[in-house]
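> I need the structure of the sequence given here:
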Amino acid sequence: MSPRDTPSADPPSTTMTPAAPQRARPPVWLLVAMIGLGPFTMQVLVPSLPAMGQDLGASTATIQLTVTLYLVAVGVGQLIYGPLSDRFGRRPLLMGGFVLYLVGSLAAALSVGVLGVVAARIVQAVGACAGVVLARAVIRDVWPREEAASVLGYVTMGMTIAPMLAPILGSVLDQWAGWRATMFACLAFGIPLAAVCWARLPETLPAPQALPGVAAILSAYRGLWAIPAFRAYATITACSTGVFFAFLGGAPYVVVQGMGYSPFAFAIAFATVSIAFALGSWIAGRGAVRLGLLRLLTIGVAVNVGGSLLSLVTILLLPPHILGFFVPMALVAVGNGILQPSAIAGALSARPQLAGTASALLGAMQMAFGALMTFVVGLVEYGAGFGTALTMAGAGVGAWLALRGARRA
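Here you go, the predicted structure:
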């Protein structure tokens, strides 16, 4: 079957999916590292936010921009990388992203003012997001839909190592050498990863797609959004991601300032969330082919919503404690680990020949909604945890409503 004969959407999971053309498959561990670069870079700085604010003489709202605008930049950057990678290939765009990432990391480490740090973090984010969008596109290039969901499950499980270790490393570096050491750690991670990608990542683009201009890119995004299946799967992914970012936006202030725990205690507790996410991703990797995409997605959304609602109930009925704040989030993380590989694979399969463009739009929706959730939490959270839990519950319910659309599609 030639690329132009490819159907606009993959068949339902109850039928056999045509085998993908045999192309060189990159090592899974390399895909893990590519996807993990962005979360590592975002979260390694989180435990240092209060100390960085004191060092730079900046308010909490201003310091929060290093997270919020990082997410916005990741979303915008993916919109650019995806279509360009469908035209020029995955490798050139990835290496260009590494250049931006390394420049942004060095600039953030050397900046003397908070606005310089914010600007450098934006450049850093635009570079880091190349790994996320292009790794997803590579997976869909070389694996068919059901296998892609399984591979994404295993890749996501492995990727949790980065966000699990990042807050711990960040808190240790902050205590040892100050917050700037976390940005030098990004350089130490990014330089060897760029070298390995240059040596080991093959070009996987099946066939270059035409890219006449900005109008064509916007038309491709509109075309993807018009597909009900893409719309439903992408909304599930964005809302479930929003639950996590709502927690991430409020947790440091609730745990460190509101409950009085140390940044290191926060980092250790946060590691349990990453472990729970890895567990969910392992379940997805094991069950994607056997259970089917939609059934696994339903299970994951149910667990995600249950955890977000439990968080709200716990805050309302139990006295403040770090376990009461993190245990429901661990349940949310298991649900996210189960549902996200299936939701991502479903979205990328809506139009397989535009996997890069679909990955970009999907990633932009995730980051935009995540940034919105961190902004909302900044408005409604006063240290007790109720604003964070309420925002998490709202995003979780949004994922459940979107699941109905996926079933119809």
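
> can you name the residues that contact residue 396?
239, 240, 243, 304, 305, 307, 308, 309, 332 (Cβ atoms under 8 Å, 6 or more residues apart in numbering). Placement of C-beta: from N, CA and C, glycine included.

> let's see 6 Å
Listed by Cβ atoms under 6 Å, 6 or more residues apart in numbering, the contact set of residue 396 reads 243, 304, 305, 308.

> again with residue 72
residue 371.

> so it: helix, strand or coil?
At residue 72 the chain is in helix, as set by DSSP: H, G, I helix; E, B strand; the rest coil.

> with residue 25 instead?
Following three-state DSSP, we place residue 25 in the coil state.

> phi and psi next, for it.
phi -100, psi 130 (degrees, to the nearest 10).

> list the residues that contact residue 111.
Contacts for residue 111 (Cβ under 6 Å, 6+ apart) come out as 117, 120.

> same check, this time on residue 348
140, 355, 358.

> and it, how far from residue 202?
Going from residue 348 to residue 202 by Cβ to Cβ, to the nearest Å gives 19 Å.

> repeat that for residue 190.
According to Cβ to Cβ, residue 190 stands 21 Å off from residue 202.

> so for the two, which residue has more residues nearby?
Using other Cβ atoms under 10 Å as the criterion, residue 190 and residue 202 rank with residue 190 on top: 24 against 13.

> in three-state terms, label the more buried one for me.
helix.

> report pLDDT for it.
What the model reports for residue 190 is a pLDDT of 93.

> I'd say it and residue 100 touch.
No: counting by Cβ atoms under 6 Å, residue 190 does not reach residue 100; the two are 10.3 Å apart.

> what's the closest non-adjacent residue to residue 103?
Once flanking residues are discounted, residue 103 sits nearest to residue 123: 6.2 Å by Cβ to Cβ, 6 or more residues apart in numbering.

> which strands and helices sit next to the helix or strand encompassing the one you found?
According to DSSP states H and E, residue 123 maps onto helix 114-142. The elements that helix 114-142 packs onto, with contact taken as 3 or more Cβ pairs under 6 Å, 6 or more residues apart in numbering; DSSP states H and E, are helix 28-43, helix 60-88, helix 90-110, helix 145-159, helix 355-380.

> pull out the buried residues from it.
Buried residues in helix 114-142, defined by neighbour count with 16 or more other Cβ atoms under 10 Å: 114, 117-142.

> stretch 183-198 too?
183, 184, 185, 186, 189, 190, 193, 194, 197.

> quick one: which of the residues you listed is nearest residue 344?
Nearest to residue 344, judged by Cβ to Cβ, of the buried residues of stretch 183-198 is residue 197 at 20.9 Å.
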